[in-house]
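Colleague: coordinates only, sequence not included:
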């Protein structure tokens, strides 16, 4: 029984790490998207459109990172 619980917590830790990395890469993508738009000196309307597109993706990526880190912490504490 002990080996099964250790295996489950290992799965929780590694899946949390993968989810965290997906969220991290989403955050990096948002940063590069906004930096590229800022360097292009877009008009205010176009810049606002880029930011409005990047904001929900940024929040979603941050949410994924937080959930993944919670999974890792829970897996480490309980495992």
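Modeller: That came through, no problem. Nothing here was measured: the structure is a model prediction, and the numbers come from that model.

Colleague: residue 67 contacts residue 18, doesn't it?
Modeller: No - Residue 67 is beyond contact range of residue 18, at 11.4 Å (criterion: C-beta atoms under 8 Å). Quick note: C-beta positions are derived from backbone N, CA and C, even for glycine.

Colleague: for the residue positioned nearest the centre of the chain, grab phi and psi.
Modeller: Centroid-nearest residue in the chain, with C-alpha atoms, centre = their mean: residue 23, separated by 1.4 Å. According to degrees, to the nearest 10, the main-chain angles of residue 23 amount to phi -60, psi -40.

Colleague: same deal with residue 42?
Modeller: Torsion angles, degrees, to the nearest 10, at residue 42: phi -70, psi 150.

Colleague: burial of residue 65, as a residue count?
Modeller: As a burial measure, residue 65 scores 19 neighbours (other C-beta atoms under 10 Å).

Colleague: list the buried residues of the helix or strand of the chain with the lowest mean pLDDT.
Modeller: Within the chain, no helix or strand scores below helix 2-39, which has a mean of 91 by mean pLDDT, DSSP states H and E. Neighbour-count burial for helix 2-39, with 16 or more other C-beta atoms under 10 Å as criterion, is recorded at 9, 12-13, 16, 19-20, 23-24, 26-27, 30, 33-34, 37.

Colleague: just give me the closest of the residues you listed to residue 63.
Modeller: Set against residue 63, the nearest of the buried residues of helix 2-39 by C-beta to C-beta is residue 23 (7.2 Å).

Colleague: that closest one touches residue 64, doesn't it?
Modeller: Yes - counting by C-beta under 8 Å, residue 64 is a contact partner of residue 23 at 3.2 Å.
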